[in-house]
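*Asks:* model the structure of this input:
(one chain, ligands or ions: 1)
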Amino acid sequence: MTEEETMPRNYKARRARVACAQCGIEFDQARSDARFCGTACRVASHRARRTDDAAETDRLIAELRAARARYDRATIERDRSALRQKHEVE
Ligand SMILES: [Zn+2]
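*Replies:* The predicted structure follows:
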């Protein structure tokens, strides 16, 4: 049995000429799941994604800080009105 015959029937058919996910240049896939024309584009894409992740992390931290500040203000306001009520009752 040749290697070709042991492959899934559609394996060869799925290896096609596709556009690189990074640079857009068409290339012949070495593997059916290849998305990039070469190592440079694969690395560049990974780096770009990490930059996006870092920006997303910064955004989430800012959001958490804002939520914390809102929570602190709400807590202070609640404590104040509780104190006010206590004094009015006494
Ligand atoms: Zn490329």
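*Asks:* didn't C20 look like it was pressed against C41?
*Replies:* Yes. Checked against CB atoms under 8 Å, the pair C20 and C41 is within contact range at 5.3 Å. C-beta here means a position set from N, CA and C on the backbone, and glycine is covered the same way.
*Asks:* ok, for V18, nearest residue in space, not its chain neighbours?
*Replies:* Ranked by CB to CB, 6 or more residues apart in numbering and with sequence neighbours excluded, the top spatial neighbour of V18 is Q29, at 5.9 Å.
*Asks:* what is the neighbour count of the one you found?
*Replies:* Taking other CB atoms under 10 Å as the neighbour definition, Q29 ends up with a count of 15.
*Asks:* list the residues that contact it.
*Replies:* Residues counted as contacts of Q29 (CB atoms under 8 Å, 6 or more residues apart in numbering) are R15, A16, R17, V18.
*Asks:* dihedrals phi and psi, the residue lying closest to the second one once chain neighbours are set aside?
*Replies:* If I follow you right, that is A16. What sits nearest to A16 in space, not counting adjacent residues and going by CB to CB, 6+ apart, is Q29, at 6.0 Å. For Q29, the backbone dihedrals (degrees, to the nearest 10) come out as phi -60, psi 130.
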